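Asker: Got a predicted structure plus its sequence, pasted below:
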Amino acid sequence: MVNLSLFGMLRRSLVHRRARSVSALVAMTVSAGVATALLTLYADLDAKLHKEFRSFGANVVVTGPASAPLRPDALARVQEAAGPDAVAAEFAYAVATTDTGTPVVVAGTDFAAVKRLDSWWQVDAWPEASAMDVALLGQRAAQFVGNEHAVALTYAGHTATVNGAGRIKTGGDEDSRIYMPLAAFTRWTGVGPSVIELQVPGGAAKVEATMTRLRQDFPEMQIQPVRQLVEGESKIVDRTHALMYGAVILIALTVAVSVLATLSASVLERRRDFALMKALGGSQVQLMGMFLMETLVLALAGVAVGFVVGSAAAWAISEGNFHTATLPHLSVLPLVLLLNVVIAAMAALFPARVLRGLQPAALLKGE
Amino acid sequence: MSVSEAKVVANIQTGPLVDPFGNTRDDCAVIALKHVTREYAGHGGAVRALEDATFSIVAGEWVAITGPSGSGKSTLVNLIGCLDRPTAGELKIDNVDTAAMSATELDRFRADKIGFIFQQFHLIPYLSALENVMLAQYFHSMTDESEAKAALERVGLGDRVSHLPSELSGGEQQRVCIARALINNPPILLADEPTGNLDAANQKIVAELLQDLHRNGHTIVMVTHDPEMAGLAQRRIALSHGKVFCHPVGGPMVTLRRASDRS
């Protein structure tokens, strides 16, 4: 039983012109793939970039008035006001003397909180959270102690001996400090925490909003942003957004030109087939419908393949750059579909014009 | 009985409808041109491809259109085949003025009234012989496999239905083209150099098929350069520089059978 249908003819026409069909399909797939990859990354971009920026540490610093010690419940109140997503750690500072007689800044803090807050620090071994007589030695500070495993520190005539459990390297001031548990530090020096470093998740707007809230709740404290970080994050996110928009538009235009060339060639080489169909009674609407249906099929097939390829590419890019997987976002599919259909429609304009101007008699005569 | 069939019967009942000067009776014309002109826009102004053509062709007649290249044959085929409309004048096919039709109406009308036979066959390469015939049904109304097979059997290709054009000889391809032209039973067959690409043996087969179709009452308008083929027609219309300059009575008048006698 032979059944001549539009889809049957379309399928066989595409198979018959294999090279041309594959060429058009590849172009449409590239367009859909790139759009999928960029839009998927775009969808995750804010979260990914904010996460990246979070790894640079605190973006808000809370200090007492005129550098006075903070109230004992300050950390809990700040944490509560900043929300459960925020990470906070308090610091107390004192200048002590090492057993070699060298002055060094010693900081007391909560290692567990700092590990979360400053995940970018390079620490070869974090001390046990429950241990009291341990310390992290800054890379430079370690040069001024005699025995790393029994570091004798003197402050206001009181000596504390701590075991250097690991070394810290940041390239900053931290390299010249010795960090020890806050409780042990306070017991030894009698100095309480004077600084709370706070890491607020989200973009610049959220950081600003949190700071405003903190200023309202704690008018006696000084709430300062780590401005370079917050502004830098905002600028980089905005620029990355613009870059991705630009890339999508540029690639879409490039692909449109490629698809235009392929579709034009496809129509031009089949002018006689279309002329024949017109001579057999095919209306302009039918012929245009066949051509546009073919274009649409290629666009849809391109979207189907491109979505898979693009999602895989987004996953690889994300894994390579952010070290976290980006899962396929079905939410980008309608946009990718729309983009590919628009590209196909733009590319089909010229061939459709050629089709409309067909002169069957001349073409079928071989002129 | 269709208008065309009625005219065939009229042809039988009243005798030849073409007088010795080549004029036909208007009321029996299946194709009638009156002062038809077709101009195209050219770089140096309008180019007149066909000028003031006036003639008619009656139902069941076999007419050969001859003339050198550039004489306006393609333009004439375009107009008679309803692929184009005249710039001026009146062109009636089966008593309907095609100039008044919209493009969509003209497409429909063409599918109903005209069967095309081309010099270069123009079969769709990825469709079988049967599907190529069914393609004409597809654009006309709906496909019918048994009818398409019967049309191929009629041209002697009953055993070639599933062959692709590339698997058929030139003569066989032309016969598929003829089957395709016949499948919707159009009153007019428009053959443009139907034997131009064939060897002598296949030319003979196609000529015999056309003669058979003519004997069965089909109106055939055939463009040809071949004097032998032109000689098979009842009448010859010659074109030169876009003008119909003579249309003498040529060849013997064939005896037409009644429409009701046709198998």
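Answerer: Cool, the structure landed. Numbers count the residues shown, from 1 in each chain, chains lettered A, B, ... in the order given.

Asker: what packs against the host helix or strand of A:Thr29?
Answerer: Following DSSP states H and E, one finds A:Thr29 within helix A:18-54. Secondary-structure packing of helix A:18-54 (3 or more Cβ pairs under 8 Å, 6 or more residues apart in numbering or on different chains; DSSP states H and E): helix A:227-268, helix A:284-322, helix A:333-356. (Glycine included, C-beta is placed from N, CA and C.)

Asker: Compute the inter-axis angle for the host helix or strand of A:Val207 and helix A:18-54.
Answerer: Following DSSP H and E, one finds A:Val207 within helix A:204-217. Put simply, helix A:204-217 runs at 20 degrees to helix A:18-54, going by axes from the mean of the first three to the mean of the last three Cα atoms, to 10 degrees.

Asker: Same question for helix A:204-217: list its buried residues.
Answerer: A:204, A:206-208, A:210-211, A:214 (16 or more other Cβ atoms under 10 Å in any protein chain shown).

Asker: With stretch A:124-143 instead?
Answerer: A:126-127, A:134-138, A:141-142.

Asker: and which of these is nearest to chain B?
Answerer: For the buried residues of stretch A:124-143, the residue nearest chain B by Cβ to the nearest Cβ is A:Trp126; the value is 69.9 Å.

Asker: Which residue does chain B have closest to chain A?
Answerer: Taking Cβ to the nearest Cβ, chain B has B:Ala111 as its residue nearest chain A, at 2.4 Å.

Asker: I figured that residue was touching A:Gly281, is that so?
Answerer: Yes: between B:Ala111 and A:Gly281 there is a contact under Cβ atoms under 8 Å: 2.4 Å.

Asker: Compare the two (neighbour count), which wins?
Answerer: Set B:Ala111 next to A:Gly281 and count neighbours by other Cβ atoms under 10 Å in any protein chain shown: A:Gly281 wins out with 27 against 23.

Asker: Count the neighbours of B:Ala200 for me.
Answerer: As a burial measure, B:Ala200 scores 8 neighbours (other Cβ under 10 Å).

Asker: sorry, back to before: next SSE after the helix holding A:Val207?
Answerer: Next helix or strand after helix A:204-217 toward the C-terminus (DSSP H and E): strand A:222-225.

Asker: Just the buried residues of that next one, please?
Answerer: A:223, A:225.

Asker: can you check stretch A:89-108 too?
Answerer: Buried residues in stretch A:89-108, counted by 16+ other Cβ under 10 Å: A:89-94, A:96-99, A:104-108.

Asker: In three-state terms, label B:Ala53 for me.
Answerer: Per DSSP: H, G, I helix; E, B strand; the rest coil, the local secondary structure of B:Ala53 is strand.

Asker: quick one: the strands in the stretch 1-150 of chain B?
Answerer: Along the stretch 1-150 of chain B, the segments classed as strands by DSSP state E, counting those that start in this stretch run B:29-42, B:45-58, B:62-66, B:88-93, B:96-97, B:114-117.

Asker: From A:Arg356, how far out is the residue of the stretch 201-350 of chain A found nearest chain B?
Answerer: In the stretch 201-350 of chain A, the residue found nearest to chain B is A:Gly281; the distance is 2.4 Å by Cβ to the nearest Cβ. Going from A:Gly281 to A:Arg356 by Cβ to Cβ, to the nearest Å gives 17 Å.

Asker: try B:Phe121
Answerer: Taken as Cβ to Cβ, the span from B:Phe121 to A:Arg356 is 25 Å.

Asker: likewise A:Ala66?
Answerer: Remark: distance between A:Ala66 and A:Arg356 (Cβ to Cβ) = 81 Å.

Asker: The two: who's more crowded?
Answerer: Neighbours per residue (other Cβ under 10 Å) separate A:Ala66 from A:Arg356, with A:Arg356 holding more: 10 against 6.

Asker: what's across from B:Ile188 in the sheet?
Answerer: On the basis of DSSP bridges, B:Ile188 is bridged to B:Ile114, B:Thr219.

Asker: Tally up the residues packed near it, please.
Answerer: Neighbourhood size, B:Ile188 [other Cβ under 10 Å]: 23.

Asker: tell me the contacts of it?
Answerer: Going by Cβ atoms under 8 Å, 6 or more residues apart in numbering or on different chains, B:Ile188 touches B:4, B:30-31, B:80, B:93-94, B:113-115, B:218-221.

Asker: Most neighbours among those, which one?
Answerer: B:Gly115 (28 neighbours).

Asker: Go ahead and confirm it touches B:Ala179.
Answerer: No: under the criterion of Cβ under 8 Å, B:Gly115 is not in contact with B:Ala179, lying 9.8 Å apart.

Asker: Next one: A:Thr170 from A:Phe111, what distance?
Answerer: Remark: distance between A:Thr170 and A:Phe111 (Cβ to Cβ) = 15 Å.

Asker: With neighbour numbers in mind, choose between the two.
Answerer: A:Phe111 (23 against 16).

Asker: Settle this for me: that one is touching A:Ser130, isn't it.
Answerer: No: with contact defined as Cβ under 8 Å, A:Phe111 does not reach A:Ser130; the gap is 9.8 Å.
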